[in-house]
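>>> only the shape, not the letters, is given here:
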């Protein structure tokens, strides 16, 4: 379908973009739910809905062309694989909090309940644009190890704090090395130290644990 400025691929008229607005694409398998979510977000002064998209095999390619700041997905984690190849922050709205871990594993950078208030949704979108991880309390309770108290026997070094912030933003070791001006081997050393201090087995789990400590999330 031909993309016309100001009109979504679903044919809906989109509001004009504010200068510093977060550019958002609303995605999901339910057209009615997409329209409702788009309507809510379009009413916020600092958010601009640039399109609504169905979750299908063409989603990733269309997202790359539009390059929004954030994708807000109303749908189950199993439909997210088409977006995993993109580097656009993905916020997933879920009915079932137990699906939070699956959504994060599929590439989501944020998870909220579908019943989240407009204010929380707005804050989450802005946080994702700034490279943070967003996880509401209800969803975090159902993540692996989430019921345990997160403690650190040893605090992060200043460099480890820099690395964990970038790790939580979804950057690879190579990208972190380029950003910080250090070698990829050094980044790997810091990542291993971060995993050990957080008691995490994977990068995703480390991001979640750091979020629960308030290190990388609102």
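Nice, thanks for sending it over. Everything numeric here is computed off the predicted structure, so don't read it as measured data.
>>> I'd like the distance between the closest residue to residue 20 other than its chain neighbours and residue 119.
Distances taken as Cβ to Cβ, 6 or more residues apart in numbering put residue 46 closest to residue 20, at 6.9 Å, once the chain neighbours are dropped. C-beta here means a position set from N, CA and C on the backbone, and glycine is covered the same way. Distance of residue 46 to residue 119, computed by Cβ to Cβ, to the nearest Å: 12 Å.
>>> counting neighbours, go ahead and name the busier of these two.
For residue 46 against residue 119, the residue with the higher neighbour count under other Cβ atoms under 10 Å is residue 46, and the figures read 12 against 9.
>>> is it true that that one touches residue 23?
No: counting by Cβ atoms under 8 Å, no contact exists between residue 46 and residue 23, whose distance comes to 10.9 Å.
>>> which neighbours do these two share?
Shared contacts of residue 46 and residue 23, defined by Cβ atoms under 8 Å, 6 or more residues apart in numbering, are absent.
>>> which pLDDT value belongs to the residue nearest to residue 20?
In the prediction, the pLDDT value recorded for residue 46 is 88.
>>> same deal with residue 119?
89.
>>> which residues touch the particular helix or strand that has it in it?
Using DSSP states H and E, residue 119 sits within helix 118-129. Residues outside helix 118-129 that contact it (Cβ under 8 Å, 6+ apart): 22, 24, 40-41, 44, 46-47, 69-70, 72, 89, 91, 93, 109-110, 112, 116, 134, 136, 217-218.
>>> chain center to that helix: distance?
Centroid separation for helix 118-129 versus its chain: 10 Å, with Cα atoms, centre = their mean, to the nearest Å.
>>> buried set for that helix?
Residues 121-122, 124-129 are the ones in helix 118-129 that count as buried (16 or more other Cβ atoms under 10 Å).
>>> longest helix in this structure, please.
Criterion DSSP state H: the longest helix present in the chain is helix 184-198.
>>> what segments of this protein are helices?
Across the chain, reading from the start of the chain, the helices by DSSP H fall at 31-42, 59-66, 100-105, 118-129, 137-140, 158-168, 173-180, 184-198, 203-212.
>>> listing request: residues of the protein with sub-threshold pLDDT.
Regions of the chain meeting the criterion pLDDT under 70 cover residues 1-19, 57, 76-86, 97-98, 105-106, 137-151, 153, 214, 216-218.
>>> what's the domain layout of it?
According to automatic domain parsing, the chain comprises the domains 22-140, 158-212.
>>> circling back to that earlier point, residue contacts, the residue nearest to residue 20?
Residue 46 makes contact with 18, 20-22, 122, 126 under the criterion Cβ under 8 Å, 6+ apart.
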